[in-house]
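Undergrad: quick one, what's the 3D model for this:
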Amino acid sequence: MLPLLFDVATAAAEVKWTKKEVVLDLDSSMEYGTARFDFVNDGPSPVRILSISPGCGCTVPMLGKKNFAPGESGSFTARFTVGERRGAYRIPIHVEFDGGKTADLTLLPQIRE
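TA: Next up is the predicted model:
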């Protein structure tokens, strides 16, 4: 049973993120802000992003490309709408890849008056 658990952990580690949390410093007069999440496919096989799901309707992910070859770098952006929001927020972002792999990231908007 232990070798199977090790294999699953290894497979999930193919995509390496530059940062799993990105701080977004915003002013309350701004309409929106955009953060970028960078990664590299560090595995031996291509990976495909199936979905990016933010934990708030105030955040919209934007992905220009879904397939990444071994060794290839990529990124997606997350657009956060300020609206009437003020203060610090913590927005979870769940990324699903083919083969059942996932990543949990965090957007940290900080909105000044």
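
Undergrad: and stretch 38-52, what's buried?
TA: Of the residues in stretch 38-52, those scored as buried under the neighbour-count criterion (16 or more other Cβ atoms under 10 Å) are 39-41, 43, 47, 49, 52. Bear in mind the C-beta positions are built from the backbone N, C-alpha and C, glycine included.

Undergrad: how about stretch 82-102?
TA: Those would be 82, 89, 91, 93, 95, 97, 101, for stretch 82-102 by 16+ other Cβ under 10 Å.

Undergrad: in helices, which of the residues you listed fall?
TA: Counting by DSSP state H, these place none of their members in helices.

Undergrad: now, the most widely separated pair of the buried residues of stretch 38-52?
TA: When those are compared pair by pair using Cβ to Cβ, the farthest-apart members prove to be Gly43 and Ile52, with a separation of 19.1 Å.

Undergrad: what's the distance between Phe39 and Ser28?
TA: With distances defined as Cβ to Cβ, to the nearest Å, the gap from Phe39 to Ser28 amounts to 31 Å.
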